[in-house]
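*Asks:* Sequence isn't available, so here's the structure alone:
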């Protein structure tokens, strides 16, 4: 389970450039009103290693496979009370 499952970022089929991936995730976190300090922690962790570490960090922090949720209720409100954000 990721740290912020309500933040959904589609990585498959998108620009795989590391800066693009990092930008999409940080923008989604900002739109999801994640505190700036948390986003800075994410960025530091995501950029501390190689490309695989970046992807692993993204998956640990946000929901990078929102297609898994397509089978569930079509409404964006989930049982956890969060409005799920998809980028």
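*Replies:* Structure received. Values in this document were obtained by computation on a predicted structure and should not be read as measured data.
*Asks:* quick one: secondary structure of the nearest residue to residue 64 once chain neighbours are set aside?
*Replies:* Closest residue to residue 64 apart from its sequence neighbours, by Cβ to Cβ, 6 or more residues apart in numbering: residue 11 at 4.9 Å. (C-beta placed from N, C-alpha, C; glycine too.) Following DSSP: H, G, I helix; E, B strand; the rest coil, residue 11 is assigned to coil.
*Asks:* which residues touch residue 19?
*Replies:* Contact partners of residue 19, counting by Cβ atoms under 8 Å, 6 or more residues apart in numbering, are absent.
*Asks:* I'd like the average pLDDT over the top helix by length along the chain.
*Replies:* As assigned by DSSP state H, the longest helix anywhere in the chain is helix 18-31. Mean per-residue pLDDT for helix 18-31: 95.
*Asks:* and residue 66, how many neighbours?
*Replies:* Counted with other Cβ atoms under 10 Å, the neighbours of residue 66 add up to 19.
*Asks:* Look at the residue lying closest to it once chain neighbours are set aside and report its pLDDT.
*Replies:* Once flanking residues are discounted, residue 66 sits nearest to residue 8: 3.8 Å by Cβ to Cβ, 6+ apart. At residue 8, the model reports a pLDDT of 94.
*Asks:* Residue 8 and residue 61 touch, don't they?
*Replies:* No - the pair residue 8 / residue 61 is not scored as a contact, 11.8 Å apart, by Cβ atoms under 8 Å.
*Asks:* Where do the strands of this structure begin and end?
*Replies:* Using DSSP state E, the strands of the chain run over residues 4-8, 62-63, 85-86.
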